[in-house]
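Peer 1: turn this into a structure:
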Amino acid sequence: PAQIAIAESLLVVSIGAGVGLLAKLKSVNMKEILPLATSAMLGSAAMAQYSKAVPESFRLGLFTIFCVTSSVNMIQSSQPKAKQPSSPSEDAKQDHSFEQTSLAASTDAAPAVAQAQQLAVLSAAINNDDQALASSSSNQPQLLGLLFLVGCLTSLIGAGGGFIVVPILTLVGNIPMESAVGSSLLIICLNSFSGFASMQRIVEVHYDITAPFAAAVSLGAVL
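Peer 2: Reported below is the predicted structural model:
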């Protein structure tokens, strides 16, 4: 039955995400991500209690959409982006900027200029980080709501939803991609385990069947 398969799938996903998380744990901001993971866990646990009432045909249709969308996203992300040719005006600006840089480097003031440029870059980076943090804080209610829905989806179809979580974290939460990948693994691990823990109370899980799949997924996560 689909309900048992979903419960076993959630256990496999949780283990695989947990193993993959070990290599990226340092990139995760626990203080920022744990509340989001908790919201996803609540959605997953809540939907697990009512998922038996959802028709299997609806769940299979939803899972099909999930797989197709995920496949399209993977194909698009693997295609190299074409580099747009620069306009003549941009080339002229680059040449002029290069001439100015060369002139500055040839004078005695070159070290001071280089130091000023480094300070300017550092200041811009700090300002960008402050703006991203402020934007993430202002979007917190929206993030919590979206991840609650992701948790509901997880218990409906038995998938972690990584291709949904990462865009939510980067686009809505303004979290850098490197941190978003590790953060998504933490959310998926806890989210999937929450759904499994709720379902295993109402269905019989075949651990002898699940164990080989969990081992294979864990090996893939390590490699």
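
Peer 1: how far away is Val150 from Ser44?
Peer 2: Distance, Val150 to Ser44, by Cβ to Cβ, to the nearest Å: 8 Å. For every residue, glycine as well, the C-beta is placed using N, CA and C.

Peer 1: got it, and Leu143?
Peer 2: Taken as Cβ to Cβ, the span from Leu143 to Ser44 is 16 Å.

Peer 1: if we can go back for a sec, show me which of Val150 and Ser44 is the more surrounded one.
Peer 2: Ser44 (32 against 24; other Cβ atoms under 10 Å).

Peer 1: show me the contacts for that one.
Peer 2: For Ser44, the contacting residues are Gly151, Cys152, Thr154, Ser155, Asn191, Ser192, Ser194, Gly195, Ser198, by Cβ atoms under 8 Å, 6 or more residues apart in numbering.

Peer 1: now do Ala45
Peer 2: Gly151, Ser155, Ser194, Gly195, Ala197, Ser198.

Peer 1: confidence score at Ala23?
Peer 2: Turning to Ala23, the model gives it a pLDDT of 88.

Peer 1: near Leu143, how many other residues are there?
Peer 2: So Leu143, with other Cβ under 10 Å, has 21 neighbours.

Peer 1: what helix or strand is it located in?
Peer 2: Secondary-structure assignment from DSSP states H and E places Leu143 in helix 140-157.

Peer 1: that helix packs against which elements?
Peer 2: helix 2-21, helix 30-50, helix 56-78, helix 162-167, helix 177-199 (3 or more Cβ pairs under 8 Å, 6 or more residues apart in numbering; DSSP states H and E).

Peer 1: would a markdown table of these with distance to Val217 be doable?
Peer 2: Shown next, in a markdown table, are the helices and strands packed on helix 140-157 (distance: least, Cβ to Cβ, whole Å):
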| stretch | distance to Val217 |
| --- | --- |
| helix 2-21 | 4 |
| helix 30-50 | 19 |
| helix 56-78 | 16 |
| helix 162-167 | 13 |
| helix 177-199 | 11 |
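
Peer 1: wait, which of those is closest to Gly220?
Peer 2: Among those, the nearest to Gly220 by Cβ to Cβ is helix 2-21 (7.2 Å).

Peer 1: between the closest one and helix 177-199, how many degrees?
Peer 2: Put simply, helix 2-21 runs at 140 degrees to helix 177-199, going by axes from the mean of the first three to the mean of the last three Cα atoms, to 10 degrees.

Peer 1: residue contacts, the residue sitting nearest the centre point of the chain?
Peer 2: The geometric centre of the chain, computed from its C-alpha atoms, lies nearest to Val166 (Cα atoms, centre = their mean), at 2.3 Å. Residues counted as contacts of Val166 (Cβ under 8 Å, 6+ apart) are Met177, Ala180, Val181, Ser184.

Peer 1: related to what we said a few turns ago, just the contacts of Ser44 now: which is nearest Val72?
Peer 2: Using Cβ to Cβ, the contacts of Ser44 come closest to Val72 at Thr154, 20.2 Å.

Peer 1: so what's Cys139 up against?
Peer 2: That one is not Cys; residue 139 is Asn. Val172, Gly173, Asn174.

Peer 1: phi, psi of it?
Peer 2: Main-chain dihedrals, Asn139, degrees, to the nearest 10: phi -90, psi 10.

Peer 1: tell me the pLDDT of it.
Peer 2: At Asn139, pLDDT is 87.
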